[in-house]
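> Got a sequence here, can you build the structure:
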Amino acid sequence: MELRAADAAPGTPKHTNGRRTRMPWYQLDNPNDSRLDELARQYNLHPLHIEDARSDDEAVKVDSGSHYTFAVLKPVYLKPDPDMTGEQMPTFTTIDVFCGKNFLITIVDPVCPATNAALERARREGDDDHPSRLLYLILDTVVDHYFPAIDYYDDRIDELEDEVFDRPDPEILARVFTIKRELIDLRRVLVNTRDACLHLQRDATTIIDTEHQVYIRDTYDHVVRLLDSVETQRDLLNNTLDIYLTSVSNRTNEVMKVLTVLGTIALPALAITGIYGMNLKGLPFEDSPHGARIVGIFTLAVTALLLLVLRRLKWI
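Here you go, the predicted model:
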């Protein structure tokens, strides 16, 4: 039984036996949909590609079958973080594309704005006579949506740099490591996307024709720029971490300095009261009725002299 496309992508229709037809475009929202099995039989899709499309943790990749190109792409969009009120975090989803010369199958997450933008652009600017252009438009739009994610991390890193000078507390340290982990995930996706672009450029068996090689090279250049930005952000995070550790060390030194000064100031009083607290005979002013007052004044004078010395040494 042949499965017909419910929603073919708009574009310039092709001519078949005098009739204008469109290349069928099948869009599925769930990779476990039974219609995918019917499409696999109808278009002779490789079982490994079907398995990859149904995998939850498949990396970005491009592979070529005998008569089609299979691509796994990772769009990113900003999603509200449930753990942080008012904050957003980049979230990855998946687009699986089976692009043949006479058919197109996309398996997407319908709630992802980046996915919807990629498909809408492909329908608006694509051409049924050029399936390679449809694949390029989807890939290029996915890559374009990485730039807002880079801007998002730039803003967060700038905030951290400001806060680390004002209040270097453990919360900032936790946020630094959170962003570092997120950048590692983003970098992994970008590296795989770069390799996918290279595959589309160099493998002659892909659906990308000579006309669209230059467009794929442009997308590849965008991915390289994104990777450079991620590396710069990782360096900035490492600098922020160094500033945090330096600030904490300086605060510890300041606390130790204050404690040392206080201990030094209390030293004369401790020494004098310790001597007069011993059961010894012959101490000065021992039998004087004003002995306590004299010893107290002497203690204050020695303490004041010590404070003056510390002040001259710029300890306080």
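
> So which residues of the stretch 101-250 of the chain form helices?
Counting by DSSP state H, counting those that start in this stretch, the segments of the stretch 101-250 of the chain that form helices are 113-125, 131-144, 146-166, 170-202, 213-276.

> what residue ranges in this protein score low on pLDDT?
The model of the chain has pLDDT under 70 over residues 1-21, 81-87, 128-129, 278-283, 285-288, 290-291, 315-316.

> can you list the domain ranges for it.
14-250, 259-312 (automatic domain parsing).

> most neighbours per residue, which of those domains?
Comparing the domains of the chain by mean neighbour count (mean count of other CB atoms under 10 Å), domain 14-250 comes out on top with a mean of 17. For the C-beta atoms, the positions are set from N, CA and C on the backbone; glycine is no exception.

> who's in contact with the closest residue to Ala59 other than its chain neighbours?
Leaving aside its sequence neighbours, Ala59 sits nearest to Asn192 (CB to CB, 6 or more residues apart in numbering; 5.0 Å). Going by CB atoms under 8 Å, 6 or more residues apart in numbering, Asn192 touches 59-61, 74.

> So which of these are in strands?
Taking DSSP state E, the ones among the contacts of Asn192 that sit in strands are Lys61.

> Could you work out the most separated pair of the contacts of Asn192?
By the measure CB to CB, Lys61 and Lys74 form the most distant pair in the contacts of Asn192, at 10.1 Å.

> Is it correct that Val72 falls within a strand?
Yes. Using DSSP: H, G, I helix; E, B strand; the rest coil, the secondary structure at Val72 is a strand.

> you'd agree it is up against Arg54?
No. Under the criterion of CB atoms under 8 Å, Val72 is not in contact with Arg54, lying 11.1 Å apart.

> thinking again about what came up before, redo the helices of the stretch 101-250 of the chain as CSV? Include distance to Leu308.
Below are the helices of the stretch 101-250 of the chain laid out as CSV (distance: least, CB to CB, whole Å):
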stretch, distance to Leu308
helix 113-125, 69
helix 131-144, 69
helix 146-166, 34
helix 170-202, 40
helix 213-276, 11
